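>>> test case, fold it:
(2 chains)
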Amino acid sequence: MAEKNANKEAESVRLGFLSNFTIEPLSSIMKKTCEDVGIFAEVYMAPYGQYAQEIIDNSSKLYGFSPNLIFLLLDGEKLFGDVYSNPYTQKVQTRRKIFADRLNELKELLNILESKTSAKIVINEILLPIYSSFGILENKQKDGARELVNKFNYELRKFFLASNRLFVFDLNSFCMKIGYQQLVDKRVDYLADMKISIPALKELSKEYLEYVIPVASKTKKCIVLDLDNTLWGGIVGEVGIDGIRLGPEREGKPFLDFQKKLAELFNRGIILAINSKNNTEDAMNVIKNHRHMVLKENNFACMKINWQDKVSNMREIAEELNIGLDSMVFIDDDQSNGELIKEFLPEVTVIDLPRDPVDYVTCLEGLKFFSKLVSTKEDFERGKMYIDQRKREQLKLANTDLDSFLAKLKIQLEIGDASKTDVSRISQLTQKTNQFNLTTKRYQEEDIEKFVSSKDFKVKFLRVKDNFGDYGMTGVVIVKKLKDSDEWEIDSFLLSCRILGKKIEYTLMQKILENAKEEKIRKINATFIPTPKNPPAKDFLEAAGFNLIREDNSTKYYCRDV
Amino acid sequence: METLKKIVAKTLAVKEGEIELASSPKNLSSWDSFNSFMIISEIESNFNVKLSSSDIMTIETVKDIVETLRRLNVEEKFLVI
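Residues are numbered from 1 along each chain as shown, chains lettered A, B, ... in the order given. Next comes the predicted model:
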């Protein structure tokens, strides 16, 4: 299935919704919310209240729809009945039993759902009851309603931990954020069995984007920041290093907290860069020497501090970091700069900072572009890896002969057969690699898992190290063995942009050829499917000794003898 | 603040010209019971009013919405259909 969709634009997603109450308006709301961030969503809503039937029935419309992502919304009152809404009319044994029974039934349903689809599955936890007839004594009741719901949610999370396709949505934190009065509208509840109000569904759809964005491969990689009135208060060129507002007290604290949040994102693997109109010395003086600066030189993979226009700076940052403009977020307090970027570089996501710096942190926390469904070791190290890259570039400038430069780097390659533990990183690489990618086929973890355990496929990974640091897993080759023949077909061949320009791709291909020889393979077939982003890989197959056999709809077919 | 006509048209994804006083789920195919609730939600946030459940239940046509909003003191200029 994934193969079929592999070359379609990654921006479209299929969302399935199941629930035990009315959520129909969510269909148009969700589509609109996705559209606002450039994602085209198709939505399937299971018939009212039939979530269990849809899960159990092999031929249900849900499965026919083949969603990428399934949301399950369950209302506590409808799931548990009186033990949820009027718990103390029931004996404690009854309460316990009903909660335990429902938990087991739900786990069973989720097991079935997981086995019948390759979609990611998100379930809302159960909302804690806000009223108790015991009032202030509610939390002293043995297995009272709140305690039982808490336990139920806890068990659900524990059950979901075991799978990287199941996710629990923290509905109670969501309720804390928007408020119960906003979440529930008794009018639509009584009139239409809508347990969540329409304004709340709109907010919920934005939270759900955190799941949709990574499934649609639209996760952002880099935040590009302005300096004056963004990372600190005031204009350093006017007030000097001692005049800017940044520190633990009063008006400096919003900026300090904003930097701390950015540092947290950096630690999660988000690349940070600077695009600022400033005197380099003034700005660098603050970055290096201000005692409350949280973000230091080493947090920024690229710094454009000059009097050039911000659009050119932005282009240069993308080029130097070797990432697409569409994976960048631009944050600036000056709206006119944002407008300029929107106008000339529409691929960049522009965030207009709130007027009041006290709202900066909330604004940053509200961005849903950085979420990942799995976190890999490489994510945590990515920020650092780009800093290493900056140091390498500096060496490159001092040493113009490429081959001797490469020799100085002491590049070490490790090429091996992928095992189960590599699956999530490999899938991530297929999703995110755009430039050096011969076929740009996007694969979910489930697909890679199938390849790894199948005899008809070979999945090879590449790890790279050099003098300056460890790049981690940065290359993948997937080979399909053609049945009853002595030929291989290269299904995917990709290298992360971080290691391009080191001629590593040739060594990797050499290894594949050697491997083919060992297995008595006579011929290798390969394909180049052009995309707007993969020109860096365009001439590779020919340079690696492959012969063009035919061209069809701009897709080029190659082969070479082993 | 937007006009009622605009809100109804936008929510139902039809042209403003298609909205008349007599418009209702019976004669507009894109109007079902769920976007009735969507329309009410949009009206409430736009005009900063709150309809009671009995108001909601009696609303069938655009004319009914106009009358309800009139009762809630929404200015006439927003209610021109």
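
>>> which non-adjacent residue is nearest the closest residue to chain B within chain A?
Of all residues in chain A, A:I198 sits closest to chain B, at 3.9 Å by CB to the nearest CB. (C-beta placed from N, C-alpha, C; glycine too.) Nearest residue to A:I198, sequence neighbours excluded (CB to CB, 6 or more residues apart in numbering or on different chains): B:S41, at 3.9 Å.

>>> tell me how many other residues crowd the one you found.
21 (other CB atoms under 10 Å in any protein chain shown).

>>> residues contacting it?
A:S197, A:I198, A:P199 (CB atoms under 8 Å, 6 or more residues apart in numbering or on different chains).

>>> out of those, who's nearest A:D552?
Nearest to A:D552 among the contacts of B:S41, counting by CB to CB, is A:I198 at 49.5 Å.

>>> burial measure for that closest one, as a count.
22.

>>> A:Y88 now?
16.

>>> chain A - how does it break down into domains?
A:2-215, A:222-365, A:399-561 (automatic domain parsing).

>>> can I get the ones you listed in JSON lines with distance to A:K372 and mean pLDDT?
Below are the domains of chain A laid out as JSON lines (distance: least, CB to CB, whole Å; pLDDT from 0 to 100):
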{"stretch": "domain A:2-215", "distance to A:K372": "5", "mean pLDDT": "89"}
{"stretch": "domain A:222-365", "distance to A:K372": "8", "mean pLDDT": "93"}
{"stretch": "domain A:399-561", "distance to A:K372": "8", "mean pLDDT": "88"}
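
>>> ok, which of these comes nearest B:A13?
domain A:2-215 (8.4 Å).

>>> select the longest helix from the chain.
Because you didn't say which chain, this covers chain A. Using DSSP state H, we find that the single longest helix of chain A is helix A:92-116.

>>> oops, chain B please
helix B:33-47.

>>> would you point out which residue of chain B is nearest chain A?
B:S41 (3.9 Å).

>>> contacting residues around B:S33?
A:A192, B:P25.

>>> ramachandran angles for A:M328?
Note on A:M328: its backbone torsions stand at phi -110, psi 140 [degrees, to the nearest 10].

>>> re the thing from before, now the longest helix of chain B: buried residues?
For helix B:33-47, the neighbour count (16 or more other CB atoms under 10 Å in any protein chain shown) marks B:34-44, B:46-47 as buried.

>>> only C-alpha atoms, please: export the helix or strand just after it in PDB.
Counting by DSSP states H and E, the next helix or strand C-terminal to helix B:33-47 is helix B:53-58. Written as PDB, here are the backbone C-alpha positions of helix B:53-58 (Å, rounded to 0.1, in the frame of the first residue of the first chain):
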ATOM      1  CA  SER B  53     -31.800  25.500  23.800                       C
ATOM      2  CA  SER B  54     -35.400  26.300  23.000                       C
ATOM      3  CA  ASP B  55     -34.200  29.000  20.600                       C
ATOM      4  CA  ILE B  56     -32.000  26.500  18.900                       C
ATOM      5  CA  MET B  57     -34.800  23.900  18.600                       C
ATOM      6  CA  THR B  58     -37.300  26.400  17.000                       C
END
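
>>> any residues of the stretch 1-150 of chain A in contact with chain B? List them.
A:T22, A:E24, A:P25, A:S28 (CB under 8 Å from any CB of the partner chain).

>>> quick one: which of the contacts of B:S41 sit in helices?
A:I198, A:P199.

>>> point to the residue nearest the middle of chain A.
Central residue of chain A (CA atoms, centre = their mean): A:K372, 3.2 Å from the mean position.

>>> let me know the secondary structure of that one.
On the three-state scheme (DSSP: H, G, I helix; E, B strand; the rest coil), A:K372 is labelled coil.

>>> was I right about it contacting A:K218?
No - using CB atoms under 8 Å, A:K372 makes no contact with A:K218, being 11.6 Å away.

>>> mind listing the shared neighbours of these two?
With CB under 8 Å, 6+ apart, A:K372 and A:K218 have no common neighbours.

>>> if we can go back for a sec, inside helices: which ones of the residues of the stretch 1-150 of chain A next to chain B?
A:P25, A:S28.

>>> so which bits of chain A are right by chain B?
A:22, A:24-25, A:28, A:186-188, A:190-192, A:194, A:197-199.

>>> of the residues you listed, buried ones?
Counted by 16+ other CB under 10 Å, these give A:T22, A:E24, A:P25, A:S28, A:R187, A:V188, A:L191, A:A192, A:M194, A:S197, A:I198, A:P199 as buried.

>>> would you map the strands across the stretch 251-400 of chain A?
A:271-277, A:300-306, A:328-332, A:349-352 (DSSP state E, counting those that start in this stretch).

>>> and the ones you listed as a markdown table, adding distance to B:V14?
Output for those, formatted as a markdown table (distance: least, CB to CB, whole Å):
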| stretch | distance to B:V14 |
| --- | --- |
| strand A:271-277 | 43 |
| strand A:300-306 | 48 |
| strand A:328-332 | 36 |
| strand A:349-352 | 31 |
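
>>> okay, these in JSON lines with mean neighbour count next?
Listed next are these as JSON lines, based on neighbours: other CB atoms under 10 Å in any protein chain shown:
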{"stretch": "strand A:271-277", "mean neighbour count": "23"}
{"stretch": "strand A:300-306", "mean neighbour count": "21"}
{"stretch": "strand A:328-332", "mean neighbour count": "24"}
{"stretch": "strand A:349-352", "mean neighbour count": "18"}
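
>>> of all these, which lies closest to A:P129?
strand A:349-352 (37.4 Å).

>>> just checking: what are the partner strands of that closest one?
strand A:328-332 (parallel) (DSSP bridges).

>>> how many neighbouring residues does the closest residue to B:T58 other than its chain neighbours have?
Take B:T58 and drop its neighbours on the chain: the residue closest to it by CB to CB, 6+ apart is B:D64, 6.3 Å away. Residues lying near B:D64 (other CB under 10 Å) number 14.

>>> ditto for A:T219
20.

>>> assumed it was part of a strand.
No - assigned with three-state DSSP, A:T219 falls outside any strand and is coil.

>>> I figured it hits A:S371, correct?
Yes - contact between A:T219 and A:S371 holds when scored by CB under 8 Å: they sit 6.9 Å apart.

>>> quick one, what contacts the closest residue in space to A:N313 that isn't next to it in sequence?
Nearest residue to A:N313, sequence neighbours excluded (CB to CB, 6+ apart): A:K304, at 3.9 Å. Applying CB under 8 Å, 6+ apart, we find A:K304 in contact with A:A273, A:I274, A:N275, A:S276, A:N313, A:E316, A:I317.

>>> contact partners for the residue nearest to B:P25 when sequence neighbours are not counted?
Of all residues not flanking B:P25 in the chain, B:W31 sits nearest, at 4.5 Å (CB to CB, 6+ apart). For B:W31, the contacting residues are B:L12, B:S23, B:S24, B:P25, by CB under 8 Å, 6+ apart.

>>> tell me the secondary structure for the third one?
This means B:S24. Going by three-state DSSP: B:S24 is coil.

>>> now it. Nearest residue, chain neighbours left out?
Using CB to CB, 6+ apart, the nearest residue to B:S24 is B:T61, at 4.2 Å.
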